[in-house]
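**Q** Here is the input, now give the coordinates:
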Amino acid sequence: MPSVAGHRTKRVKEARDEAKKEIEAYRKQKDNEFRKFESEHTSGNKKAEEDADKDAEMKIKDIKTAGKKGRDQVIKDLLQAVFDIKPVAPERIEVPK
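**A** Coordinates of the predicted model:
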């Protein structure tokens, strides 16, 4: 005849094992739900990201094209501003006549 303590210990171990199995099954279920949720929402983000990348590439291309068109004039204007110095006194200072 098994002792009461031995039976109780056996029942506690069985309950613990059963709880571990339930927890693992629940964890797998929630993990699968999360993966499904993540894949559904990530695909929308990827599409938006791709659209934003395409838009950015087009704008960069436009900026580069505009830069190439006016580059020579901009460089000429910058060099002229640097080398043609025309000092101007501030208005609050009296200029001798």
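**Q** mind showing which ranges of this protein have poor pLDDT?
**A** Residue ranges of the chain with pLDDT under 70: 1-2, 43-44, 95.
**Q** 80 - rerun?
**A** Residues of the chain that meet the criterion pLDDT under 80 lie in 1-6, 40-47, 88-89, 93-97.
**Q** how close does the most centrally placed residue in it sit to Met58?
**A** For the chain, the residue nearest the mean C-alpha position is Glu49 (9.6 Å; CA atoms, centre = their mean). Per CB to CB, to the nearest Å, Glu49 is found 15 Å from Met58. In this view, the C-beta of every residue, glycine as well, is placed from N, C-alpha and C.
**Q** Then Glu22?
**A** 55 Å.
**Q** residue boundaries of the strands in this structure?
**A** With DSSP state E, there are no strands along the chain.
**Q** could you pull out the helices for it?
**A** Using DSSP state H, the helices of the chain run over residues 4-83.
**Q** rewinding a little: next up, the contacts around the residue nearest to the centre of the chain.
**A** Applying CB atoms under 8 Å, 6 or more residues apart in numbering, we find Glu49 in contact with no residue.
**Q** any idea how far Ile63 is from it?
**A** 21 Å.
**Q** same check, this time on Phe37
**A** Taken as CB to CB, the span from Phe37 to Ile63 is 39 Å.
**Q** likewise Asp51?
**A** If you go by CB to CB, the gap between Asp51 and Ile63 works out to 19 Å.
**Q** Then Pro96?
**A** Distance from Pro96 to Ile63, by CB to CB: 48 Å.
**Q** Between these two, point out the one with more neighbours.
**A** Applying other CB atoms under 10 Å to Pro96 and Ile63 shows that Ile63 carries more neighbours, namely 10 against 4.
**Q** Next up, the contacts around that one.
**A** With CB under 8 Å, 6+ apart, Ile63 has no contacts at all.
**Q** Just give the number of residues close to Glu14.
**A** So Glu14, with other CB under 10 Å, has 10 neighbours.
**Q** ugh, typo on my part, it should be Lys54
**A** Lys54 has 10 nearby residues by other CB under 10 Å.
**Q** what does the one 4 residues further on give?
**A** Other residues within reach of Met58, judged by other CB under 10 Å, total 10.
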